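> Next come a sequence and a model predicted from it.
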Amino acid sequence: MVQVSRDLQQELVLLRVSMEQPAMQYPEIWLRDNCQCPKCYMQQTRSRLPHGWNNLDTGVHVQQLSWCAEQQILQIEWSDGHHSDYTYSWLKERDFSLENRARYLRDIYRPEPQLWSGQQFEQIQREFQYQELLSSDEALLQWLHHLAVYGLALVKQAPLEADVLRNLCNRVGFMRRTTYGDEWSVRAQPGASNYAYLAAPLPLHTDMPYFEYKPGVTLLHTLQQSDSPGGWNLLSDAFHVADVLRQRHPSAFQVLSETPVDWADMGSDKDLTFHNIWREPVINLDANGRYKRINHSIPQRDSHFSVAPHLVRPWYEAMALFSRLANEQACTFKTTPGDVLTFDNLRMVHGRTGYDDTDCNVRHIVGAFVDWDIAYSRWRVLRRSLGYFK
C-alpha cells in the first residue's frame, strides 16, 4: 500500500511503498518545477517549457496531497493554484535517496572509472574484434563500456584499408575534425609539422592539450609496423598517477592541479595555418574533486608561462615527479598490422619508443578522434535499446 506524506520542516514529499523500505523523497519546489502537464512539459521534445521561469515563485508549496491507487499517480494541488500528476514509475526513477542518485550517476550518466597501475595491465586489458563491432550492438556497447571504465581497449583484425577508422567512428557517431583533418598519418617524414611524425622516441603525453575542447577518444590503426626493436607503445593511466600524487605527495598534487600552464600548437598542415592556445593545469578536477582531464605534452607546452615567478620552480619539481611516476606505471606492448588501439585521451598518457625508419622498414599508423560526448550518448542509447535500463 503506497503512502504519501510531507516533511514540513525540510519541505519534502515522502512516498512509502512498504514499511520495510525507506520512504522515497522529493523536494517540493523540484516537483513543481518538473510538473508533467501539457502547460509545463512538452512530450515531443522531452523537456520542460520555460515560460514560468520569468516569474518563478520560489515559495511555492504543496496545498493538498493525494495518491490515486488505481492509476498509480501522485496528485498535488499547489499553493499557486496549479495541479500536477506524477506516475509512480517516473517518481521511482528520480528518488532523491543517496542510493538512487548513485545508481543514476553510475548506470545512466557515466560508468565509474576504475584506475589501474602498470602492473595491473594484464588484468584490465581486453581485445575486441573489428567485424563484431561493426555488426553487433552488444559488442559495440561492451567496447565503449570498457573504454569508459578502464580508458583503454584494443580492437583486433581490422583490414588494412583506408576506411577502418571512419567505419568505427560512424558506428559511434562521427569523427572529430581537428587542425590535422579528420584522420592523420603517423609516420616518419621530412619537414614534419608535428613531433609525432618523427622516428625519435615519443615521450608520454596527451593529444592536443592546446584545445579547450580536447578530443576525447583516440583511435590508432596500425597499417605497417616497424621490424626494428623499437616502435613499442607506452601507456599509463594518468588518473592513477594523479591519485598516487594526491596520496603520497599532496603538495605536488596541489601545484599540478592549481597552476595554469600554457599549451600551444603553431604551424601549418596541408592548406591550414593555425595557432592554438589553451591555459589549464596538468591535473583538472571537477566540482567534486574527481579527475576530469589530464594535460601533458612536452613539445606542446609553450615557452610562455603566464604565472608569478615564484610559482615556476615548484611547478617544475612537481612535474618532474609526475613524469617519473607516469613512466614507472607505464605498460608496454607492440601493435601489429590490423590492430586499432583505442584509449581515453582525457585520461591516458601515451607514447612510444624510437625506431629505425628506412624504405624497407616503415611504421605507419593512421589516427582519428571521437568526442566523449558522442561516445557516451551512443553508450546510453545502446544500453536502453538492449534493455539495460528503461
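Perfect, thanks for sending it. Numbering: from 1, shown residues only.
> so residue 176 makes contact with residue 370?
Yes: the criterion here is CB atoms under 8 Å, and residue 176 meets it with residue 370 at 6.0 Å. C-beta: built from backbone N, CA, C; applies to glycine.
> Compare the two (neighbour count), which wins?
Using other CB atoms under 10 Å as the criterion, residue 176 and residue 370 rank with residue 370 on top: 27 against 22.
> Bridge partners for the residue lying closest to that one once chain neighbours are set aside, pull those for me.
Residue nearest to residue 370 in three dimensions, not counting chain neighbours: residue 217, with 4.5 Å by CB to CB, 6 or more residues apart in numbering. Note on residue 217: beta-bridge partners by DSSP bridges are residue 344, residue 370.
> Report the buried residues of the longest helix seen in the chain.
Taking DSSP state H as the criterion, the chain has its longest helix at helix 312-328. Applying a neighbour-count criterion of 16 or more other CB atoms under 10 Å, one finds 315, 318-319, 321-323, 325-327 buried in helix 312-328.
> That one - contacts with which helices or strands?
For helix 312-328, the packing partners by 3 or more CB pairs under 8 Å, 6 or more residues apart in numbering; DSSP states H and E come out as strand 202-205, strand 233-237, helix 238-248, helix 250-258.
> What's the local residue count around the residue nearest to residue 39 when sequence neighbours are not counted?
Spatially, and ignoring its direct neighbours in sequence, residue 39 is nearest to residue 49 (7.2 Å; CB to CB, 6+ apart). Residue 49 has 14 neighbours, counted by other CB under 10 Å.
> Next: residue 302.
Neighbours of residue 302 using other CB under 10 Å come to 16.
> does it really touch residue 264, like I thought?
Yes: judged on CB under 8 Å, residue 302 makes contact with residue 264 at a distance of 3.9 Å.
> Find residues that contact each of those two.
Both residue 302 and residue 264 are in contact with residue 277, where contact means CB atoms under 8 Å, 6 or more residues apart in numbering.
> I figured residue 277 hits residue 260, correct?
No: assessed by CB under 8 Å, residue 277 is found out of contact with residue 260, at 11.5 Å.
> continuing past the strand or helix carrying residue 75, what's the next helix or strand?
Under the criterion of DSSP states H and E, residue 75 resides in strand 73-78. Where DSSP H and E defines the elements, the next helix or strand beyond strand 73-78 is strand 83-87.
> then whichever helix or strand comes after that following strand to PDB, C-alphas only?
As assigned by DSSP H and E, the chain's next helix or strand after strand 83-87 is helix 88-93. C-alpha atoms of helix 88-93 as PDB (Å, rounded to 0.1, in the frame of the first residue of the first chain):
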ATOM      1  CA  TYR A  88       4.900   6.000  -9.800                       C
ATOM      2  CA  SER A  89       7.400   4.800 -12.400                       C
ATOM      3  CA  TRP A  90       8.500   8.400 -13.100                       C
ATOM      4  CA  LEU A  91       8.900   9.100  -9.400                       C
ATOM      5  CA  LYS A  92      10.800   5.900  -8.600                       C
ATOM      6  CA  GLU A  93      13.400   6.700 -11.200                       C
END
